[in-house]
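Enquirer: Here you go, sequence then predicted model.
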Amino acid sequence: ASGGELVPVESNPLDKVWVDQPPRPCSKSMPYDLKHAGRSSRDKRDEIGQLLVESNADCAVLSLPDSVAWLLNVRGEDVDHTPLVLSFAVVHADGAVQWFVDGDKITSETLSALDNQVEIAEPRALESRLAGFAREGKSVLVDPTTCPERITSVLEKNGAKLIRAMDPVMKPKARKNTAELD
């Protein structure tokens, strides 16, 4: 060991030197048909909400695009060869979700497929929303193996009660229903 230490920084130092970065992907989202999903997003959100209750968590931060896609029954083309929309979500114990996604990615079809328990917010609002959850004394589940350090640090800095556990979507997503198997 060379004695190095990782230290979080407020901004990405690469942004200062990588002047010709490609733009962030911004493909249009699309609803994933129930005949392929096999379960409604509402049903999935209720299941995840129950898992949060059992974990004594008020909400969970979902940082994996495949977890968000499965939970909301949405797809996109932000990642080559993988039908994902790059975004974050916070799912609450009552099944409500805040989906932090670039508004340009939301189509009228996607909007009409989501119910009124899904709030769409711009990604730049994520940190202030997390700070608000912390100030409200919410218990927030984060997966330490997948959640970005920046999210965890915002929560910790604002006094959130962190529950470090596996992304609650992982196991239900792995259990394939008949429609998914077909």
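Expert: Sure, I can see it.
Enquirer: now the strands for the protein?
Expert: For the chain, the strands defined by DSSP state E cover 30-31, 59-62, 74-75, 88-92, 97-100, 118-121, 139-142, 161-164.
Enquirer: what is the rounded mean pLDDT of the third one?
Expert: Regarding strand 74-75, the rounded mean pLDDT is 97.
Enquirer: and if you look at the second one?
Expert: Taken as a whole, strand 59-62 carries a mean pLDDT of 98.
Enquirer: what lines up beside it in the sheet?
Expert: strand 88-92 (antiparallel), strand 139-142 (parallel) (DSSP bridges).
Enquirer: how about that strand: buried residues?
Expert: Cys59, Ala60, Val61, Leu62 (16 or more other Cβ atoms under 10 Å). Placement of C-beta: from N, CA and C, glycine included.
Enquirer: Give me the contacts around that strand.
Expert: For strand 59-62, contacts defined as Cβ atoms under 8 Å, 6 or more residues apart in numbering pick out 48, 52, 68, 71, 88-93, 130, 133, 138-142, 147, 151, 167-169.
Enquirer: what's the offset of it from the middle of its chain?
Expert: 7 Å (Cα atoms, centre = their mean, to the nearest Å).
Enquirer: Would you mind extracting the C-alpha trace of that strand into PDB?
Expert: The C-alpha coordinates for strand 59-62 follow below in PDB (Å, rounded to 0.1, in the frame of the first residue of the first chain):
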ATOM      1  CA  CYS A  59     -37.500   5.400   1.200                       C
ATOM      2  CA  ALA A  60     -34.700   4.000  -1.000                       C
ATOM      3  CA  VAL A  61     -32.500   5.700  -3.500                       C
ATOM      4  CA  LEU A  62     -32.300   3.700  -6.800                       C
END
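Enquirer: hang on, the earlier thing: just send the strands of the chain back as JSON lines, with distance to Arg42 too.
Expert: As requested, the strands of the chain are exported to JSON lines (distance: least, Cβ to Cβ, whole Å):
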{"stretch": "strand 30-31", "distance to Arg42": "13"}
{"stretch": "strand 59-62", "distance to Arg42": "16"}
{"stretch": "strand 74-75", "distance to Arg42": "13"}
{"stretch": "strand 88-92", "distance to Arg42": "12"}
{"stretch": "strand 97-100", "distance to Arg42": "10"}
{"stretch": "strand 118-121", "distance to Arg42": "9"}
{"stretch": "strand 139-142", "distance to Arg42": "20"}
{"stretch": "strand 161-164", "distance to Arg42": "24"}
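Enquirer: Right, I'll call it a day here.
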